[in-house]
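Q: What follows is a predicted structure for the sequence shown.
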Amino acid sequence: MRMSKWEDYAQEGKALEWPYPVRYGEERKVCADVLVLGGGIAGCWAAISAARNGAKVAILEKGATIRSGSGGSGCDHWLNTPNPCSTITAEEIVDKEMVSNGGYANGISRYIAARESYETLLEMEKMGGKIRDTEDEFKGADFRDEETKFLFAYDYENKYMFRVWGTTFKVALYNECKRMGVEIHDRVMATSLLTEGGKLGARVIGATGLHGRTGEFIIFSAKATVNCLSRHQRNWVFSTELAGNATFRPGTIVGDGHAMAWRAGAEFAQMEKTGGHGAGTGYSYPFYGTGNPFCTWVPCTMVDANGKEIPWVDREGRVLKSVSERTRPAPGQKFLGERERGYQWMAPRLPLDLGKRIRKGEFKLPLYADLPSMTDHERRAIWGLMVGEEAKTRIPIIETYAESGFDPARDLLQSYIMLRGDPLGDAFVGMVNPQERAGGEGGDAGGLLVDWDLRTSLEGLYCAGDALFAANYHYHAATTGRYAGRKAAAYASRCVETEIFREQVECEKKRVYVPAEKKEGIEWKELNASICRVMQNYCGEPKSDELLRIALIWLKELEDGAIPDTYASNPHKLMRTLEVFDILTCSQMIVHASLARKASSKFLGFVRSDYPDLDPPPWHKWITIRLQDGEVQKRELPINFWGDLKENYEKHCKA
Amino acid sequence: MIRKSVYATPNAPAPTRPVIFNPDLCIGCNACVEDCQMDVFIPNPEKGEPPIILYPDECWYGGCCVAMCPEPGAIRLNHPLMQRVRWKRKKTGEHSRV
């Protein structure tokens, strides 16, 4: 009998041996000048940049660096990039991001990104990434600059959002890391930061890691550390049997970096924010794999079940007559944003009252994306370039759908707007259950507070990518990774190696192996689901002091009672269990930050019944939290605490 | 014919088949095992055979396994039944799905 499933082995009475050596408790030490936590887009760029600046670099990656992270399987657009084809400036771009987010955007990292994204894009090309239409597949297209062969998205007039072949990026970055002699430690989950003297709030001097296949404990000693571990997920919704495709980020991104840095005493901002769209739920379909008019699919025509076109409207609500108008600013408008809600840069979209009009019978469900009606250039740009180069689309959507016979020139792909199942569509028609809203799953979220060196509140710890507070996007991860890498290298060059505090290591070893010492108990899925239940019931919408305090009580009960009772029967499950411990820590952080903001906020997706006023001016500020002397300390920062963007960037940008 | 040999096995975590191997094309190189971000596979104890999907419930359908496979057709992504998107042919109205 051909043994292809674990069930086959069980039925033959053969135990499937764990295929890797089991090394629980065994230690190994790695030394580096710069330790990069996370081998995703930000991590690889940080590692390459640090290595280029003379540092000995090690990457610690939970998956496989060659394709890991949210951007590992691709990227469709490189946003917000001033370049020779455009007159839009870095200042205008960041102004747009600030206003559109009501001020709640990371001015520091976004300005750095706007200033350095073009040179970073060119560097990506030098490393082997494809960034322009070298094969002339889109010659003569409305969105192509004939001289440079660059392709643009969203605003064809102002040309500052690039369409790129992002499936070529990660492998090229990985190869460059290898070429630069970066030591890559795959299958290792970062579990804690090591600090000088083992003290809370002290300088960071390394990290610990657990090998997800062998259970080996690895001690990383480093002069500088860069946290590129993205952000929290799975705090409100989690089910492996339902979630499936809908998570945009790999399910293994859970905010390990947030939890570790929190436990070391680092300061965080904006942890109270929830996103606009749904977290991955079982009713969701593959991201970008449904017919829709958002993001990657702009400017696709949408029709109803009778073929009646749904109008696209500009920011005034005027119906647009042609497809070409969907990618150009309205009269009097300087340039378009991507998803901006602010009037100034609002891009054409479907009518905001679409849900109401469908309910009244004006349009018949289901809706469809009418790719056959698009021009050849637009159709191939949407289906093949954008959907195709974007993360998780080449195989799961383009190839899989083609194998099932989908033909974009002849078929109308169904939309799930109003039917539930498209995270962006659900959000557009207001169908997202508040208890199921994204935390870090989408948009930007809470993260580490940084200064103009992208240094956190802990000396020796830098940060890049989605781990940063109020930050988002591939181009941003790449540029901030590159920036933080050179900063970390410069800092490391001024340091000597500091001895690891053995007691801190022993404490962490004890913590990580608890589930492996048991023969039965609570498994990781149940623990995750229980955390989600707490967050849905007591940190959903509306929030209140009373509810949030119960959330803290219950999360503490899980920490003190359930965690010691967790059980993992092999190193893989041990890793999954430790992830859930970090989800619990991130959830506690979210609740603490929520308690501190005593006002509701439209921009932060934050609604309190005890403080219902939306964005009252005295509360237009950042709330930060950190652990100090065993207590959660809160601080408030002015909304523009970073000062003059241009002046500060130019003062700090050199290594 | 109904199988007479019956075993006491628990419910498998669903969805159970996030990818499907073609054992005649798969060379057992385990590139998919090494590139999977969620580490859902383990190598088959029998060399040259397709890997075993040990944690199908953890698959996030990234497709890195298929993208990195050197043998076309040896592995394909298999969307779970509840996540298969529909479409219809514009001219005829004929319905279809993944």
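A: Received, thanks.
Q: Give me the three-state assignment for the residue of chain A found nearest chain B.
A: Closest contact between chain A and chain B, by Cβ to the nearest Cβ, is at A:Ile395 (2.7 Å). Backbone N, C-alpha and C define where each C-beta goes, glycine included. Classification of A:Ile395 by DSSP: H, G, I helix; E, B strand; the rest coil places it in helix.
Q: Walking through chain B, point out its strands one by one.
A: Listed in chain order, the strands of chain B (DSSP state E) span residues B:19-21, B:41-42, B:52-53, B:75-77, B:86-89, B:95-97.
Q: Could I get the contacting residues of the closest residue to the residue of chain A closest to chain B other than its chain neighbours?
A: Nearest residue to A:Ile395, sequence neighbours excluded (Cβ to Cβ, 6 or more residues apart in numbering or on different chains): B:Gly63, at 2.7 Å. Counting by Cβ atoms under 8 Å, 6 or more residues apart in numbering or on different chains, B:Gly63 touches A:Ser73, A:Lys392, A:Arg394, A:Ile395, A:Pro396, A:Glu399, B:Leu77.
Q: cool, A:Ser594 as well?
A: Going by Cβ under 8 Å, 6+ apart, A:Ser594 touches A:Met271, A:Glu272, A:Cys539, A:Lys543, A:Leu548, A:Phe606.
Q: so what's the fourth one bridging to?
A: Taking DSSP bridges, one obtains A:Arg608 as the residues bridged to A:Lys543.
Q: Model confidence for it, exactly?
A: Looking at A:Lys543, its pLDDT reads 96.
Q: ok, now the third one?
A: We have a pLDDT of 96 for A:Cys539.
Q: surely it meets A:Ala593?
A: No: taking Cβ atoms under 8 Å as the definition, A:Cys539 is not a contact partner of A:Ala593, at 10.2 Å.
Q: returning to that earlier point: tell me the pLDDT at the residue of chain A closest to chain B?
A: Model confidence at A:Ile395 (pLDDT) stands at 95.
Q: shouldn't B:Ala74 be in contact with B:Gly28?
A: No: under the criterion of Cβ under 8 Å, B:Ala74 is not in contact with B:Gly28, lying 9.4 Å apart.
Q: Report the set of residues contacting both of these two.
A: Common neighbours of B:Ala74 and B:Gly28, counting by Cβ under 8 Å, 6+ apart, are B:Pro50.
Q: coming back round to it: neighbour count and distance to B:His95 for the contacts of B:Gly63 - can I get that in JSON lines?
A: Below are the contacts of B:Gly63 laid out as JSON lines (neighbours: other Cβ atoms under 10 Å in any protein chain shown; distance: Cβ to Cβ, whole Å):
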{"residue": "A:Ser73", "neighbour count": "27", "distance to B:His95": "30"}
{"residue": "A:Lys392", "neighbour count": "25", "distance to B:His95": "25"}
{"residue": "A:Arg394", "neighbour count": "22", "distance to B:His95": "26"}
{"residue": "A:Ile395", "neighbour count": "25", "distance to B:His95": "24"}
{"residue": "A:Pro396", "neighbour count": "25", "distance to B:His95": "21"}
{"residue": "A:Glu399", "neighbour count": "17", "distance to B:His95": "21"}
{"residue": "B:Leu77", "neighbour count": "23", "distance to B:His95": "22"}
